[in-house]
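Student: Give me a model of this one.
(chains A, B, C and D)
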Protein chains: 2
Amino acid sequence: MTSKPVRLTQRHIAELAGVSQAIVSLVVSGRTDATTRVSEPTRRRVLRVIEETGYSVDPAARMLAGRSNALIGVFTYESAFPRESSDFYAPLLRGVESAAEALGQDLLLFTSSRTQDGRRRLLHEGSRLRMADGCVLLGREMNGGELSALVDRGFPFVAVGRRDGDERIPYVGAAYCATVTELVTLAIERGHRRFGYVRLPYDSESTRDRLESFRSAVDQAGAEAVITASAPKNPDGVLDELAASDVTVVFVEDPEEASGIARSNRSADRPLSLVALGESDSQHNEATPITHLSAPRAEIGAQAVRMLTSILSGDDVPRRVLLPCAIVYPDATLGRAAT
Amino acid sequence: MTSKPVRLTQRHIAELAGVSQAIVSLVVSGRTDATTRVSEPTRRRVLRVIEETGYSVDPAARMLAGRSNALIGVFTYESAFPRESSDFYAPLLRGVESAAEALGQDLLLFTSSRTQDGRRRLLHEGSRLRMADGCVLLGREMNGGELSALVDRGFPFVAVGRRDGDERIPYVGAAYCATVTELVTLAIERGHRRFGYVRLPYDSESTRDRLESFRSAVDQAGAEAVITASAPKNPDGVLDELAASDVTVVFVEDPEEASGIARSNRSADRPLSLVALGESDSQHNEATPITHLSAPRAEIGAQAVRMLTSILSGDDVPRRVLLPCAIVYPDATLGRAAT
DNA sequence: GCGGTCCGATAATGCGCATGATCGGGCGCG
DNA sequence: CGCGCCCGATCATGCGCATTATCGGACCGC
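Tutor: This is a model prediction of the structure:
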C-alpha cells in the first residue's frame, strides 16, 4: 500500500475555484496590501475550495519564495531531554516553547549534529543550522570561537547565558552578579564575617560572574572569603574543611551539591549557614528548604526567543540582557552568625 | 548595525570554484550516480570553497526540489515541556531525541497555532506539518478524525500510544493489556478475590485497554471487581469506599493518585494492597515504593521514530507495535490477602 | 463621448536546488 | 585518419509559492 499522494498546489485550488494561482496565494497569505486586492466573493470561493480539499501551503516553497518560515532553531550542546540535569534545560525549554507558541513560530531541534566526546558540534560540515531563520543556543558551556564564527557568517542567533567573550554575541542571561551581592550583604547583616565558597570545577561566564561578585562583595564588606573546590561525593569533607577555616556561612554554586552539603550540615555539631547559588528541581521536593538564588530560567528562554525574532525582523533591540534573579527562602538556612 | 544577510548559494560557490552550479549540487549531496560524476580535483576544490565560506544548503530549496530533508516532525497536543505531567512527555521525548540523533534526523516541534481550548490543532489552515518528512504524534488523547484525515492525505506519521479507531493509523504503544493481566494473576496468587479499580475520568484507548484487561482477568479468575471513579483530592474517600466494598487490593490507574492513596493507606487501620497502573517521576523519589506497572516510554518514543523513518524509506514494516511493560517492585505494596 | 481612475484579476518572474538532457574533447581502435 | 565511446562538465527545467508589472473593464466628471 504505497501511498501516492497527489500534492495539492495553489494551481489546483486555482483551477477548482476558477481563478489564477496568484489569487490563491493572496487569499492564503491574507495579505491586504494597497496594491493588491481580492473581492469578497472570490475570496470566499477560494476559501471554500481550500476547506473542501484540505489544502495547506507548502512551507518549503513559501520559505524559498522569500518569506520567512517562522522556524526557530534550538541548538543544545547536550541532549535536550536529559534524564539528569533536566532542571537546567527543562525550564529554559519551557520558556522557549511558550514564547515560540505566542509568536507563532515552530521549533527546530538540531539533534543530528555530530557529536564530539558527548557534546554536539555547532559548526560542522553539513551543518543544518540554516534550515532555521535563526537559532537559540543552549548549554552550560559554549565554544566562544564557534559563536564568533556564527556572527561572522551573519547567522542570526541568541545565546542563553552570559557570553562576554565577543561583544557581538547577543545573549539573555541571569543577573547573578547583583543577587549574589545581595546575598552576601544579607549574610553580613546577619553577622557573618568569614565566608566559604564551594565552586564548580568548570569555568564559564556565569561561574566566573558569581565568583567575582562574591569575592568583591565580601571584600567590600571587609570580610574574609575561603574558596574551595567542588566535591560532590564528599559533602562531609567539604564541610569539615570549611569549618576548620572558621567560616560561618557557605555559598555553594551547584544546587545539587548544596542539597548534599545541607544534609551533612544538619547533622553536624554546629551547623553552618548555607546558601545555594542555583536551583534544582529536587529542591522543590526537598522537605527542608535551602536559602538559594533562583535564575528565572523560563523567562530567560522566552526572552531569548523574543530577542531572536526581534533581530530577525530587523528591530534594533538591546542584544545583551540579564534578568534579575530571585532569592528563595531567605530565612531558611541563612541564619545569624554565632557571636 | 543591521547585518546584510548575503545569502550564500550554490551559484556563489560555483563562481568561486570556477565550476557550474550543478557541480556544486552534486558535490554537496555526495551523489555518485552512474550517470553523473565529478573528478576528484574538482570535488576537492569545491569542498575547499565550501569550507572557507561556511556554505550549507538551503533546506527549503532542497525540500522544494523534491529531496527529503531528514526532518522529523514532532506534534504534541499539549506543551512539550510541561511543568506538570512531565513524567509523561519527558521520557517519550528523550526516546524520540535519541533515536533521531542515532538516525541523523533533526526534530521539528510544531509549537505554533494553539487554537482550541488549550489543545493544539493538528490540521488547520496554514499548518506547517509538511515541512517535515513525516511526523510523530504525542498526546494522551488524540482526535481520531484528524488522524484519519492525515492518512487520507498520505502524510506519513506514527502515533505514540494505541489508536485503534482507524486501522490504517500506525502507532507504537504499550502493551498494558498483558501486564495488567499479569498483575491481576499475581494478586490472585496472593489470595486476593475482591479487586478495587480507580479509573481515570477520560476515555482513551489505553484507559479502555487497561480497564478491559482488568475486568476480563478478574472475571476469568472468578473474582469480583469494584470500579470507582478517580478522586485525586480525596484519597481517604476512595479508600473508605473501597474498603466498605470489602476489596483487599486496589488497582489505581493514575500514578499520581496512587501516591496519594498510598499515603492514606499506610496510615489506615488495615492497609489494602495497592497497585499503580502507571509510573510518575515522583515515584522514583518517593521513599516508599509502590508496586506498579511501567510503560517503556523512552523505548516507545524511539521506536516510533524508527518506524517513521522506515515508512519514509518505503520499507514494509509492522505499523502497529505494542511494547511490553515492566512490573516494578512486585512485592512492595501487593501483599498477601488477609485470610 | 472621452480621458482618467480605480478596482479586480492575471501573467510572468525568480527564490535555491536537483536532475535529466546535452555537449565537448581526449582516446582507442580499425 | 575517421568513427565511436566515455568521461567530465554544463544547460535547462521545474518544484510551489510570493510578488511585481500589467491588463481589462466599470465608473466618474467634464
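Student: make it CA atoms for all contacts and neighbour counts henceforth
Tutor: Fine.
Student: for chain A, longest helix please?
Tutor: Determined from DSSP state H, the single longest helix within chain A is helix A:86-103.
Student: helices or strands up against it?
Tutor: Applying 3 or more Cα pairs under 8 Å, 6 or more residues apart in numbering or on different chains; DSSP states H and E, one finds that helix A:86-103 makes contact with strand A:106-109, helix A:297-312.
Student: try 6 Å
Tutor: Secondary-structure packing of helix A:86-103 (3 or more Cα pairs under 6 Å, 6 or more residues apart in numbering or on different chains; DSSP states H and E): helix A:297-312.
Student: Identify the residues contacting the next helix-or-strand element following the helix it packs on?
Tutor: Next helix or strand after helix A:297-312 toward the C-terminus (DSSP states H and E): strand A:320-324. Contacts with strand A:320-324, where a contact means Cα atoms under 6 Å, 6 or more residues apart in numbering or on different chains, come from A:Pro170, A:Tyr171, A:Val172, A:Gly173, A:Ala174, A:Ala175.
Student: May I have the strands that pair with strand A:320-324, each with its orientation?
Tutor: As defined by DSSP bridges, the strand partners of strand A:320-324 come to strand A:171-175 (parallel).
Student: and the helix or strand just after the strand it pairs with, which residues are buried?
Tutor: Following strand A:171-175 in sequence order, the next helix or strand is helix A:176-189 (DSSP H and E). Buried residues in helix A:176-189, defined by neighbour count with 16 or more other Cα atoms under 10 Å in any protein chain shown: A:176-188.
Student: on that earlier part again, angle of the longest helix of chain A against helix A:297-312?
Tutor: 40 degrees (axes from the mean of the first three to the mean of the last three Cα atoms, to 10 degrees).
Student: What residues sit buried inside helix A:86-103?
Tutor: Those would be A:86-101, A:103, for helix A:86-103 by 16+ other Cα under 10 Å.
Student: Just give the nearest non-adjacent residue to A:Ala223, would you?
Tutor: In space, and not counting its chain neighbours, A:Ala223 is closest to A:Arg193: 4.9 Å by Cα to Cα, 6 or more residues apart in numbering or on different chains.
Student: mind checking how far the one you found is from A:Thr291?
Tutor: From A:Arg193 across to A:Thr291, the span is 18 Å (Cα to Cα, to the nearest Å).
Student: ok, those two, which is more surrounded?
Tutor: Neighbours of A:Arg193 and A:Thr291, each counted by other Cα atoms under 10 Å in any protein chain shown, are more numerous for A:Thr291; the result is 25 against 20.
Student: is it true that that one touches A:Ile327?
Tutor: No. Contact criterion Cα atoms under 6 Å: A:Thr291 and A:Ile327 do not qualify, at 7.3 Å.
Student: what does the stretch 101-250 of chain A put close to DNA strand D?
Tutor: Within the stretch 101-250 of chain A, no position lies close to DNA strand D (Cα under 7 Å from any atom of the strand).
Student: In space, what's closest to whichever residue of the stretch 101-250 of chain A sits closest to DNA strand C - neighbours in sequence excluded?
Tutor: Of all residues in the stretch 101-250 of chain A, A:Arg130 sits closest to DNA strand C, at 9.7 Å by Cα to the nearest atom of the strand. The shortest distance from A:Arg130 to any non-neighbouring residue, by Cα to Cα, 6+ apart, is to B:Asp58 (6.5 Å).
Student: Pretty sure A:Ser213 sits against A:Thr179.
Tutor: No. Shown here, A:Ser213 and A:Thr179 do not form a contact pair, counting by Cα under 6 Å, at 8.9 Å.
Student: Once you drop chain neighbours, what's closest to A:Ile50?
Tutor: If the residues on either side of it in the chain are set aside, A:Ile50 comes closest to A:Ile13, at 6.7 Å by Cα to Cα, 6+ apart.
Student: A strand includes the one you found, no?
Tutor: No. Counting by DSSP: H, G, I helix; E, B strand; the rest coil, A:Ile13 falls outside a strand, being helix.
Student: If I look at it, what pLDDT would I see?
Tutor: On the pLDDT scale, A:Ile13 is placed at 93.
Student: What is the burial count for it?
Tutor: So A:Ile13, with other Cα under 10 Å, has 23 neighbours.
Student: before we move on, what about A:Gly18?
Tutor: Number of residues near A:Gly18 (other Cα under 10 Å) recorded here: 12.
Student: Report the separation between it and DNA strand C.
Tutor: 6 Å (Cα to the nearest atom of the strand, to the nearest Å).
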